[in-house]
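Novice: okay, sequence plus prediction incoming.
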Amino acid sequence: MLVRGGLLVERSPELPGTRGRPSPVFDTVPTGATVLAVDLAVEGFRLAVVGLGGRVLSRHEWPWDPAASTEQSVATLVERLRGAARRRTAAPYQAVGVACWGIVRGRDGFVHLAPNLGWRDVALGALLSDGLGAGRAGAGGLVQHVVVANDADLGAVAEYRRGAGAGARRLLYVHSDVGVGGGIVHEGTVLGASGGYAGEIGHMTVDPRGVRCRCGAVGCWETEVDERALLRAAGVPDPPEPASLAGAVAGVLEDARAGRPAAVEAVRIVSTALGTGLASLVHILGPDRIVLGGYLADLYALSPVPTRRVLQERGFSAEARDVPILPASRRADASFLGAAEYALEPLLSDPAAVLRPR
Ligand SMILES: [Zn+2]
């Protein structure tokens, strides 16, 4: 079925000297199924055409029009995706996977809140499905399937399938730049809640007398471990432009590496807070591996000891105390790769049901 559908090609095995009829060897056809993977960033949206096997075939980027309303921005996104989908109608399977930083309802891609974009209650999954005729093969439909998911869930999928989480039974992925997000993959499946919202680990309360969070509550975990928390701990003013934040954070990490006391102390404080939250999550979720994404990968690589120490002190089993923690390995393309894996799921679980008749 996969060969007939154009997803695999058979080639001769290269095993000279072996006896008997060799087993057939198959290669994936990267263009046999493509996903238009979209990352909704603050400055604009990035599109990667991703083929089978996680191969990025092409990339495009468009800035948002700052004067546009949310409706207009979504309409522009639909238009660009229609253009990209029309250029690839020869692929037997084509799907759209969108990574959105914010609170997204998994089952229908409804964006409850995307703080970086200023979007609130946008039925993004339904709007994209309508605009691209998802599932209407042969009747003007351009794609078979549209998924919209939380960035951290997609990062978790990317790391589980093709990164530092490969081989884990239950992977906890924790990502932080501005804010903290997380995803849990258990034996290949992303865990979600019945309403579709889950994994908002950045908003677990760690200090009711702490700092006010952008969600409105006080003392959420992300107020102690995200990039702004590190700057605050180091006494570095928060840059007014969000685009300058990563540079300011890299500066603090560099200072800590050089042994400057204020930065070393800031890294110690934030790494300890990271351990405190991870200890709770380990006890609740029981992961057998933790992968850290975003700036946390750099923070942990620089200073693992305070985080590990908290787990040693608080863990009540050997599994909790010694759970492996690794920096993410697919950082640049995590959301693209995750979106592609997610959008390919219906194809890989039931190819006959979703492939177009050829
Ligand atoms: Zn919060």
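Specialist: Received, thanks.
Novice: ok, the most centrally placed residue in the chain to P324 distance?
Specialist: Nearest residue to the geometric centre of the chain (CA atoms, centre = their mean): G155, 2.4 Å. For G155, the distance to P324 equals 18 Å [CB to CB, to the nearest Å]. Placement of C-beta: from N, CA and C, glycine included.
Novice: now L278
Specialist: 12 Å.
Novice: now do P115
Specialist: Distance from P115 to P324, by CB to CB: 32 Å.
Novice: ok, A75 next?
Specialist: For A75 relative to P324 (CB to CB), the value is 45 Å.
Novice: pick out whichever of the two has more residues nearby.
Specialist: A75 (14 against 11; other CB atoms under 10 Å).
Novice: now do the same for the more buried one: helix, strand or coil?
Specialist: helix (DSSP: H, G, I helix; E, B strand; the rest coil).
Novice: run the chain-centre distance for stretch 313-326.
Specialist: Distance of stretch 313-326 from its chain centroid, counting by CA atoms, centre = their mean, to the nearest Å, is 25 Å.
Novice: pull out the buried positions in that stretch.
Specialist: Buried residues in stretch 313-326, counting neighbours by 16 or more other CB atoms under 10 Å, are found at R314, G315, A320, V323, I325, L326.
Novice: the last one bridge partners, please.
Specialist: Which is L326. Beta-bridge partners for L326, by DSSP bridges, are V291.
Novice: gap between V270 and D298?
Specialist: Distance from V270 to D298, by CB to CB: 12 Å.
Novice: of the two, who's got more company?
Specialist: Neighbour count, other CB under 10 Å: between V270 and D298, V270 has more, with 28 against 16.
Novice: tell me the contacts of that one?
Specialist: Neighbouring residues of V270 by CB atoms under 8 Å, 6 or more residues apart in numbering: E224, V225, A229, L230, A233, L299.
Novice: out of these, which end up buried?
Specialist: Counted by 16+ other CB under 10 Å, the contacts of V270 give E224, V225, A229, L230, A233, L299 as buried.
Novice: need the pLDDT of the second one.
Specialist: In the prediction, the pLDDT value recorded for V225 is 97.
Novice: test my guess that it contacts L296.
Specialist: Yes. Using CB atoms under 8 Å, V225 is in contact with L296, at 7.5 Å.
Novice: now do the shared contacts for those two.
Specialist: Common neighbours of V225 and L296 (CB under 8 Å, 6+ apart) are S176, L274.
Novice: ranges for the helices of the chain?
Specialist: Here the chain has its helices, by DSSP state H, at 70-86, 124-132, 151-162, 222-225, 227-234, 245-257, 261-285, 295-302, 305-314, 318-321, 334-349, 351-354.
Novice: number of nearby residues for D255?
Specialist: With other CB under 10 Å as criterion, D255 counts 18.
Novice: the residue nearest to it when sequence neighbours are not counted: what's it in contact with?
Specialist: Spatial nearest neighbour of D255, chain neighbours left out: A263 (3.5 Å); criterion: CB to CB, 6 or more residues apart in numbering. The neighbours of A263, taking CB under 8 Å, 6+ apart as the test, are A234, V252, L253, E254, D255, A256.
Novice: what subset of these is buried?
Specialist: Judged by 16+ other CB under 10 Å, buried ones among the contacts of A263: A234, V252, L253, D255, A256.
Novice: those: which two are farthest apart?
Specialist: A234 and L253 (9.6 Å; CB to CB).
Novice: so where's the stretch 51-200 of the chain uncertain?
Specialist: Along the stretch 51-200 of the chain, segments meeting pLDDT under 70 span 89-90, 137-138, 192-199.
Novice: can you rerun that using 80?
Specialist: 53, 88-92, 106, 115-116, 135-140, 191-200 (pLDDT under 80).
Novice: quick one: name the residues of it near the ion.
Specialist: Residues of the stretch 51-200 of the chain lying close to the ion (CB under 5 Å from the ion): none.
Novice: all strands for the stretch 51-200 of the chain, in order.
Specialist: Secondary structure of the stretch 51-200 of the chain (DSSP state E, counting those that start in this stretch): strands at 55-63, 93-100, 103-105, 110-114, 119-122, 145-150, 170-177, 179-186, 189-190.
Novice: quick one: strands adjacent to the shortest one?
Specialist: Read that as strand 189-190. strand 179-186 (antiparallel).
Novice: between the strand it pairs with and helix 151-162, how big is the angle?
Specialist: 40 degrees (axes from the mean of the first three to the mean of the last three CA atoms, to 10 degrees).
Novice: please save the CA atoms from strand 179-186 in CSV.
Specialist: What follows is strand 179-186, C-alpha atoms only, in CSV (Å, rounded to 0.1, in the frame of the first residue of the first chain):
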residue,chain,number,x,y,z
GLY,A,179,7.2,31.7,29.9
VAL,A,180,7.4,28.0,30.4
GLY,A,181,5.6,25.3,28.5
GLY,A,182,5.7,21.6,28.6
GLY,A,183,4.6,18.4,26.9
ILE,A,184,4.4,14.8,27.9
VAL,A,185,4.8,12.0,25.5
HIS,A,186,3.8,8.5,26.8
